[in-house]
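> Everything below, folded, please.
(one chain, ligands or ions: 2)
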Amino acid sequence: MSEPVIDLAARAAESALFIKRSVPAVPPLALVLGSGLNELAEGVQDATVIPYRDIPHFPVPTVAGHAGNLLVGRIDSAGLIVLQGRFHYYEGHPLEVVTFPMRVLQFLGVRTVILTAATGGIRADLRPGNLVCLSDHLNLIGDNPLRGSNDTRLGTRFPDMTEVYSKKLRAVAREEGKRLGINVIPGVYACLPGPSYETPAEIRMLQALGADVVGMSTVPEAIVARHGGMDVLAFALVTNSAAGVLGTPISHKEVLDAGKKATPLLGKVLRRVALRLSDPGGTGLTAEMQTFGGDV
Ligand SMILES: O=P(O)(O)O[C@H]1O[C@H](CO)[C@@H](O)[C@H]1O
Ligand code: HPA
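Residues are numbered from 1 along each chain as shown. Ligands and ions are numbered 1, 2, ... in the order given. Okay, here's the model as predicted:
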């Protein structure tokens, strides 16, 4: 007998219920770890680790550098959910599956999602190890995770995308980076379907379109998170110079190694941002940041 077909909202609700029953409490903040950034999860204290394969309806990652665990724990006083590994369009999943974890977070009552990703640096001044905070994106996948009939329980038919990446949260990230002596650089992320890396001509095209970094993830998740009413902050770690910028070949090993190397730096910023977000009224900006908020 074939499985009954259940809708996306029902599936996400079932996944969320399983997670809720596995942990003492569900924090309102979630972090998604990109390629090579798995080890950031090691900084999570008192973690309950739930393998994705145990969560009803959850997909399982197929890409090296994406462990496939959901953790619920804390960084000092900040409770958070960590998604150790994500799903990509190039793995063959429809975007509804790629973004399913965002729907589960929505049903868990998460308010803020922090996305992280490994990226190629397009802008000439960007170097491996630089930390970019997304100010905007270009969805060049040629698909949209909200395609198909709209379920109003999940969000509106035509969600606004004028501020996908919360200006206020970006300012917090910049401010905490500054306190730590880490330059958190604003930039535009171009999302391509992959899995082949770009050609130099494609990178020149992306540069002309206004992109600063390039990758194969993040954007579908950000669109769905906004559709679901969550605030989004996204960090793109520059793991390599984009194709043709230096003329050197790109490999996933280089991406993973650069991610691993930058884990302590990103960890410091994430810790500070998580503490600010968990502090009631903690996203409030200092006078210095209020005057500076516009360019982040
Ligand atoms: O975006 P994340 O998952 O960090 O991974 C990036 O790194 C992989 C390519 O090396 C691609 O999956 C690209 O999107
Ligand atoms: O250069 C890149 N291009 C696309 N995706 C990436 N992910 C890490 N580096 C890259």
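> Would you mind naming the residues that bridge with L71?
In this entry, L71 is beta-bridged to V49, V82, by DSSP bridges.
> Near ligand 2, which residues of the chain? Just list them.
118-120, 197-198, 214-216, 239-240, 242, 250, 255 (CB under 6 Å from any ligand atom). Quick note: C-beta positions are derived from backbone N, CA and C, even for glycine.
> For G215, which residues count as its bridge partners?
For G215, the residues forming beta bridges with it (DSSP bridges) are C191.
> Tell me which residues touch it, please.
G34, A117, A118, T119, G120, Y189, A190, C191, L192, A236 (CB atoms under 8 Å, 6 or more residues apart in numbering).
> again, only this time at 7 Å
Applying CB atoms under 7 Å, 6 or more residues apart in numbering, we find G215 in contact with A117, A118, T119, Y189, C191, A236.
> Which of those residues has the largest number of neighbours?
T119 (32 neighbours; other CB atoms under 10 Å).
> From the contact counts, what lies against the helix or strand containing that residue?
Per DSSP states H and E: T119 is located in strand 112-121. If you count contacts as 3 or more CB pairs under 7 Å, 6 or more residues apart in numbering; DSSP states H and E, strand 112-121 packs onto strand 29-33, strand 213-215, helix 219-227, strand 231-241, helix 252-278.
> Next, the angle from that strand to helix 219-227.
160 degrees (axes from the mean of the first three to the mean of the last three CA atoms, to 10 degrees).
> relative to strand 231-241, how tilted is strand 112-121?
20 degrees.
> Grab the nearest non-local neighbour of the closest residue to ligand 2 within the chain.
The nearest approach of the chain to ligand 2 comes at G120, 2.2 Å away (CB to the nearest ligand atom). Nearest non-adjacent residue to G120, counting by CB to CB, 6 or more residues apart in numbering: A242, 3.6 Å away.
> The strand holding T119 pairs with which strands?
strand 29-33 (parallel), strand 213-215 (antiparallel), strand 231-241 (parallel).
> just to revisit the earlier point, export the contacts of G215 to CSV and tack on pLDDT?
Formatted as CSV, those follow (pLDDT from 0 to 100):
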residue, pLDDT
A117, 97
A118, 96
T119, 98
Y189, 98
C191, 98
A236, 97
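> Just the pLDDT at the spatially most central residue of the chain, thanks.
By CA atoms, centre = their mean, the chain has its centre lying nearest to L115, at 1.8 Å. If you check L115, the pLDDT there is 98.
> picking that back up, farthest pair in the contacts of G215?
A118 and C191 (12.8 Å; CB to CB).
> re earlier: and the residue nearest to the centre of the chain, what does it touch?
V32, T218, E221, A222, V232, A234 are the contacts of L115 under CB under 7 Å, 6+ apart.
> how close does it sit to S251?
23 Å (CB to CB, to the nearest Å).
> cool, and S35?
Counting by CB to CB - S35 and S251 are separated by 12 Å.
> and those two? which has more neighbours close in?
S35 (27 against 11).
> For the more buried one, pull up the helix or strand it's in.
Applying DSSP H and E, one finds S35 in no helix or strand.
> For the stretch 1-150 of the chain, which residue gets nearest to ligand 1?
G34 (2.6 Å).
> count of neighbours near the spatially closest residue to D7 that is not a sequence neighbour?
Excluding its sequence neighbours, the residue lying closest to D7 (CB to CB, 6+ apart) is D151, at 6.8 Å. Residues near D151, counting by other CB under 10 Å, number 14.
> now P145
24.
> tell me the SS of the nearest residue to T263 once chain neighbours are set aside?
In this structure, T263 finds its nearest non-sequential neighbour in E39, 4.9 Å apart by CB to CB, 6+ apart. Three-state assignment for E39 (DSSP: H, G, I helix; E, B strand; the rest coil): helix.
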